[in-house]
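Novice: pasting the sequence and the predicted model now:
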Amino acid sequence: MSDSIFETAMAQLGKALQYYSIDTESELRLQTPRATYTASIPVRMDDGSLKVFQGYRVRYNDLLGPTKGGIRFHPGVTLDEVKSLAFWMTFKCAVVGIPYGGGKGGVTVNPKELSLLEIERLSRGYMSAIADFIGPNVDIPAPDVYTNSMIMGWMVDEYSNITREFTPSIITGKPIALGGSRGREDATGRGGFYALEAMKEKLGLGSKPLTIAVQGFGNVGYHFANLAAQHGHKIVAVSDSKGAIYKKDGLDPESVHKLKQQSRELKAAYCKDSVCEIVEHDTMTNEELLELDVDVLAPAALENVITKDNAKNIKAKAIVELANGPTSPEADEILFEKGIDVVPDILANAGGVTVSYFEWVQNRAGYYWEEADVHDKLKIIIDKAAKEVMDLKDEHNTNLRTCAYIAALRRINEAVKAKGTRQNFSSGS
Ligand code: NAD
């Protein structure tokens, strides 16, 4: 299973290389991670016992700058998964043109089984383990699945304790009080929404309000859904790990989110202040949600949810990949044949890392921007990347994922050539 994730990543690279050839030295450098780190993290549990968790950090490629990527707390985390996610980060940063390479980290843990104090000790333990492997000019972590700004706050505090100087630029996605950026919390969902808006006409979705289903109603899924609903689109279904809710006339993502925060259950609701009333809705499985007849399907949970087994049943006109790696290569082929466009993860969810970059810039400058500035600058970057990818689609007539890889490969290849390849040394000139 974990192997297949990295194989997926390599298959995507292989496909892009069929359309855009790069220096063999660039290719070699992209096939393996630059450095991987595995740590055992002992954590004192609340009952006094000791548990040891496995943690990982991978710096996949630093050709364009220090490596950058989130930290995931999930029972399914393996080195192979972290490696794949770090590979995708390399391309994500390159496709939007920010000066970073790709990295990723994770701990194999089910955080739902830990108390908040145990999560704090684990977070500090993880940071203490990787402190020598990362750095503000080397590798800069951020939040990912089941980690958040509170955890980033503990981690920056731990790192600052270790280095004996406050170092906010070591990690992004921090609380604003510790040097976080305004506009980081909703940046990934917002970037996905900007990408959809920039590409929808080209994707044949027209300019009318769209029907949208969102799989995974966490940070990214909620903010994407909320922004889309605020702009007149209809969110007909959302889901979490326990199942999905559906409402033909559209859900109010903000109310659903509010109620989920209170009751930890997904219910369609209408909330006024703190009073929430449940409104009529259907329930369905996550599999049924994926196969809904909607304009846009937005997977926003985990990898490998659209596979060769269900791709033929997908009825959405377009897919916006808010999660990392939700579509398998076989499914990609099937969707392309069916004429379903897939806005790839490395573009659709690049808003998060872009605002993380803004956070890092603000930390280094010691000067903090207004939220509107963050939104404007994010939109400029996503619009530009979306246009480049669409132009490449006209040129190569292949799927959007391959076009996004080509855009990224062009930048990575330039950096390899600029550093000097065999050609520089064997021409005799
Ligand atoms: P999150 O933990 O806030 O939310 C994940 C959601 O997915 C939760 O609601 C969970 O219940 C749900 N989920 C888990 N398993 C599911 C399943 N089998 N079916 C349906 N729902 C399921 O995480 P997030 O930060 O929103 O990240 C979601 C995805 O977006 C991940 O793939 C992550 O790598 C990617 N991503 C996140 C960011 C970011 O800034 N947070 C940036 C880029 C990419």
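Specialist: Looks like it came in fine.
Novice: make it CA atoms for all contacts and neighbour counts henceforth
Specialist: Noted.
Novice: pull up the pairing partners for the host helix or strand of Gly69, direction included.
Specialist: Per DSSP states H and E, Gly69 falls inside strand 67-74. Here strand 67-74 has these sheet partners by DSSP bridges: strand 101-108 (parallel), strand 139-143 (parallel).
Novice: hmm, who's touching that strand?
Specialist: Outside strand 67-74, the residues within contact range by CA atoms under 8 Å, 6 or more residues apart in numbering are 59-61, 86, 89-90, 100-111, 138-147, 353.
Novice: if we can go back for a sec, what's the most buried one of the strands paired with strand 67-74?
Specialist: strand 101-108 (a mean of 29; mean count of other CA atoms under 10 Å).
Novice: how far off centre is it?
Specialist: Strand 101-108 sits 12 Å away from the centroid of its parent chain (CA atoms, centre = their mean, to the nearest Å).
Novice: what's the answer for stretch 7-18, then?
Specialist: 19 Å.
Novice: go on, stretch 272-289?
Specialist: Counting by CA atoms, centre = their mean, stretch 272-289 comes out at 26 Å from the chain centroid.
Novice: that one: end-to-end distance?
Specialist: End-to-end distance for stretch 272-289, by CA to CA, to the nearest Å: 28 Å.
Novice: buried residues, that stretch. List them.
Specialist: Buried positions in stretch 272-289, judged by neighbour count with 16 or more other CA atoms under 10 Å: 276, 281, 283, 286, 289.
Novice: over to stretch 228-240?
Specialist: Neighbour-count burial for stretch 228-240, counted by 16+ other CA under 10 Å, picks out 228-229, 233-240.
Novice: cool, and stretch 395-412?
Specialist: Within stretch 395-412, the residues that qualify as buried are 399-409, 411-412, counting by 16+ other CA under 10 Å.
Novice: repeat that for stretch 301-317.
Specialist: 301-308, 311, 314-317.
Novice: for stretch 173-187, same thing?
Specialist: By 16+ other CA under 10 Å, the buried positions in stretch 173-187 come out as 173-175, 178-187.
Novice: just the element for the residue in the stretch 301-429 of the chain that the ligand sits nearest to, please.
Specialist: The ligand sits closest to Ala323 of the stretch 301-429 of the chain, with a gap of 3.4 Å, by CA to the nearest ligand atom. Ala323 is part of no helix or strand, with elements assigned from DSSP H and E.
Novice: which residue is the nearest non-sequential neighbour of it?
Specialist: Distances taken as CA to CA, 6 or more residues apart in numbering place Ala300 nearest to Ala323, at 4.3 Å, with adjacent residues excluded.
Novice: okay, now the one you found: neighbour count?
Specialist: 29 (other CA atoms under 10 Å).
Novice: look up phi and psi at it.
Specialist: Dihedral angles of Ala300 (phi, psi; degrees, to the nearest 10) stand at phi -130, psi 30.
Novice: how about it, what does it touch?
Specialist: Counting by CA under 8 Å, 6+ apart, Ala300 has contacts 214-218, 220-221, 321-323.
Novice: out of those, grab the one that's most surrounded.
Specialist: Counting neighbours by other CA under 10 Å, Leu322 leads the contacts of Ala300 with 33 neighbours.
Novice: before we move on, the earlier item: show me which of the contacts of strand 67-74 neighbour the ligand.
Specialist: 143-146 (CA under 6 Å from any ligand atom).
Novice: could you dump those residues into a markdown table and include distance to Val95?
Specialist: Shown next, in a markdown table, are those (distance: CA to CA, whole Å):
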| residue | distance to Val95 |
| --- | --- |
| Pro143 | 20 |
| Asp144 | 20 |
| Val145 | 22 |
| Tyr146 | 26 |
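Novice: which parts of the stretch 301-429 of the chain are strands?
Specialist: For the stretch 301-429 of the chain, the strands defined by DSSP state E, counting those that start in this stretch cover 318-320, 341-343.
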